Structures are given as structure tokens and as C-alpha cells.
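Asks: What follows is a protein structure lacking sequence information:
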DNA sequence: GCATAGTAGGTGCGTGCGCACCTAGCTGTC
DNA sequence: GACAGCTAGGTGCGCACGCACCTACTATGC
């Protein structure tokens, strides 16, 4: 039912399918993921991501600013996420000795335990709905595309 | 700095690159897009999307429920988006004669004009940062992937 | 030393949205 | 017709987040 050219630049059908499809797949997946994590673990996806990245870090600790970089949230957002996680005992905060302005978020044992259960179900979900639809060669190509595009998009 | 296997299922590196890359690219692009639309047109991306889909519809009008389906927002979210757009004169509302529970959102002339300026810059941005990084064959493959995956992800 | 600029983290405020619920109206069964 | 059950849209409430700003601290220039 397109109104045909109403005067100015629009996406071509191919562009629309490629870009719009990415938006659609992301939106649907996020709905599934948020519901799943909320029901099983009472945490949000960003909270899960913070726990995950802490688990990757040496000694399970990261500076707030490092958590904020390469996150979908701003520093203020991360600050509040860490506050929420601290309130339920999944992380603790500790001020940085080498720079007294700074603070570390540190994964607790309870946080690590929670992450493990959250992660196994999460991985299963993303595999079932998304990753399993692609062969290894296709996943490799997809990853290569993101590596190609991502550095061209400014972080801030 | 991975903590190596801490006991339960995790993404493989390949899976992590494919899925994490999608999240990263989407997040960065959305930041750019929101800032651009806000600065140039004082509208958000969801508001833009509603205007766009109205412009595609016959007579530039759609039922609220049809706007909500296949949107990233719920019905209540769409209801508020339409309310905001109505308040600034970009759409009007009209109750549906064939089902008196229902309502149409209708694009106004001002809304169409706004959409045109918003869209041209938006298309340019998405092309510059994303679409132009791919060849036509790659865009076709990407679109095919989304077509393959999307129906397997429940809408609600 | 002192002054200025820059940075890390936190916070008041405004806003956007989901959830649960409400009302009005449609539909189906009897 | 009467009544139950469903659906479309809107709304009160709570919450998460960005923006702008604040405080505490560090870094740089003199």
C-alpha cells in the first residue's frame, strides 16, 4: 500500500528489508529476553549484561566508567544499575584506592550464582530463537559484518 | 580476560561475536538516530516510525492496533505516541465508524511535511553509517536472513 | 605552591513506557 | 432479548533512564 514516491528520498525496498529487518529482529528478541530474565531471575537485560561483564573481568571487578563504555547506557544509567544490583546483594561497591574519585563494582558470590542460572537459560533462548537458525559459516559472516560496521559508528 | 569456564553454558566466541555484534551495532545506531531526529526535528525514533507507517497506509490513516502490531511498543505506548503527535499537530485522531471502540490515527499535512524532512536526513544517516558498508548482494543476503529468522520469533 | 581545567561518580528533574486495570462496545450462546 | 466473554483504546502508577548539574578529586600550567 505504498504511497509511491511522495517527493523525497526514501529507503529502497532492499535497504528497507535489510535495515528494517534488523530493527524487527532486535525488537522481537529483546522482548523475549526481557520477559525471560524478568520471570526467571527478576533482573533486566542491562543488569544481566553488567553481571556478565563483571564475570569476565579480572577479580570480577570493574570501574564504573569501564562498564559504561561500550554499554547501551550512559554513566548515569550504569550508576543506577549498579545501585540496584548492590541493593539486592549481587554486587558491592568499593572506592578505588588509586583514584579516589573512582569506584569499582565487584561481583559477589550471590551475583555469580545468579549470573550462572540467568546465563544458561539466556543462552538457550538466544540459541533457540536466533543462533540456531544459522550455520557456522553464516555466523562467521555475520560476525565479520559487525566487525566491519561497528568501528564506523561513533560510540557517543 | 575471560574467567574461562565458570561452570555453566556460555556463548561460544563465534556466537558471542554474531549476537553481541548485532546488539552493539543496533545500540550505536540507535544513539545516533535518536540524537539526529531530536536535533533536526524534535521527534523520537518511535514517533518517526509512526509517521512513516502512516505515510505508507492508504489515505494516510491506520487503526491504533495496527500501529501497535509489529511495533517495538505496546498498545499503551502507541496510544501515548499518537497523543504526543496529536498535541503538536502532526496527526489527528478520529473514531472508527465501523467499530465504535476503535480509533484511527491520521497523518496531517504538517505531519507529512515533517516526515519528509525527517526522512531524508534519516535515510542519509543510516546509509552513511550502515547500508553503504554493504554491497547489494550482501544487503540481499542480510534481508534474507531476517526473513528467515523473524517469523520464528513470537511477536508478543 | 596556587589556579584552572578536566574527570569519576552520583543526583534532581522530566519524560517515556510497561503493567494492570478501566470503560465502551462487539460477539456468541442460549 | 439477556448475559458472559472478548477486544480496542486509554490511564494511574511505578520505574528506568537521559540530561544537566553537583561534588570530590586529579592533572596541568605558571
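Replies: Ah, there it is. As the structure is a computational prediction, the values presented were derived from the model and not from experiment.
Asks: do you know how far the residue of chain A found nearest DNA strand D is from chain B?
Replies: Nearest to DNA strand D, among the residues of chain A, is residue A:77, at 2.6 Å (CB to the nearest atom of the strand). Just so you know, the C-beta spots here come from the backbone N, C-alpha and C atoms, and that holds for glycine as well. For residue A:77, the distance to chain B equals 12 Å [CB to the nearest CB, to the nearest Å].
Asks: and that residue, which of the three is it?
Replies: helix (DSSP: H, G, I helix; E, B strand; the rest coil).
Asks: hey, where'd the strands end up in chain A?
Replies: Ranges of strands within chain A are A:61-63, A:91-95, A:103-107, based on DSSP state E.
Asks: Highest mean neighbour count across these, which stretch is it?
Replies: Most buried of these, by mean neighbour count (mean count of other CB atoms under 10 Å in any protein chain shown): strand A:103-107, with a mean of 22.
Asks: What distance do you get for the residue of chain A closest to DNA strand D to residue A:90?
Replies: Distance of residue A:77 to residue A:90, given as CB to CB, to the nearest Å: 17 Å.
Asks: more neighbours, those two?
Replies: Using other CB atoms under 10 Å in any protein chain shown, the more surrounded residue of residue A:77 and residue A:90 is residue A:90, with 25 against 13.
Asks: Next up, the contacts around that one.
Replies: Going by CB atoms under 8 Å, 6 or more residues apart in numbering or on different chains, residue A:90 touches A:43, A:47, A:51, A:107, A:108, A:110, A:111, A:114.
Asks: Distance-wise, check the fourth one relative to residue A:56.
Replies: Residue A:107 is 10 Å from residue A:56, where distance means CB to CB.
Asks: The fifth one too?
Replies: Residue A:108 sits 16 Å away from residue A:56 when distances are taken as CB to CB.
Asks: near DNA strand C, which residues of chain A show up?
Replies: Near DNA strand C, the residues belonging to chain A are A:35, A:63-65, A:68, A:75-76, A:79-80, A:82-83, A:93, A:96, A:99, A:101-103 when assessed by CB under 7 Å from any atom of the strand.
Asks: just the buried members of the residues you listed?
Replies: Buried members of the residues of chain A next to DNA strand C, counted by 16 or more other CB atoms under 10 Å in any protein chain shown: A:64, A:68, A:79, A:82, A:103.
Asks: what about chain A, any weak spots by pLDDT?
Replies: Within chain A, the ranges that satisfy pLDDT under 70 run A:1-8, A:156.
Asks: where do the helices sit along it?
Replies: For chain A, applying DSSP state H gives helices covering A:13-41, A:45-56, A:64-68, A:75-87, A:109-129, A:136-149.
Asks: relative to helix A:109-129, how tilted is the second one?
Replies: When you say that, I think you mean helix A:45-56. With axes from the mean of the first three to the mean of the last three CA atoms, to 10 degrees applied, the angle from helix A:45-56 to helix A:109-129 works out at 110 degrees.
Asks: Contacts only, for residue A:24.
Replies: Residue A:24 neighbours (CB under 8 Å, 6+ apart): B:70, B:146, B:150.
Asks: Go ahead and flag the most central residue of chain A.
Replies: For chain A, the residue sitting closest to the mean C-alpha position, by CA atoms, centre = their mean, is residue A:49 at 5.3 Å.
Asks: Can you get me a residue count around the nearest residue in space to it that is not next to it in sequence?
Replies: Spatially, and ignoring its direct neighbours in sequence, residue A:49 is nearest to residue A:71 (7.0 Å; CB to CB, 6 or more residues apart in numbering or on different chains). The number of residues packed near residue A:71 is 19, by other CB under 10 Å.
Asks: my read: residue A:71 touches residue A:45, true?
Replies: No - in this structure residue A:71 lies outside contact range of residue A:45 using CB atoms under 8 Å: 11.3 Å.
Asks: wait, what's in contact with residue A:36?
Replies: Here residue A:36 is in contact with A:121, A:122, A:125 (criterion: CB under 8 Å, 6+ apart).
Asks: Top of these by number of neighbours, please.
Replies: residue A:122 (22 neighbours).
Asks: Serialize the contacts of residue A:24 to a markdown table and add fields for neighbour count and distance to DNA strand D.
Replies: As requested, the contacts of residue A:24 are arranged in a markdown table below (neighbours: other CB atoms under 10 Å in any protein chain shown; distance: CB to the nearest atom of the strand, whole Å):
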| residue | neighbour count | distance to DNA strand D |
| --- | --- | --- |
| B:70 | 13 | 13 |
| B:146 | 19 | 25 |
| B:150 | 17 | 22 |
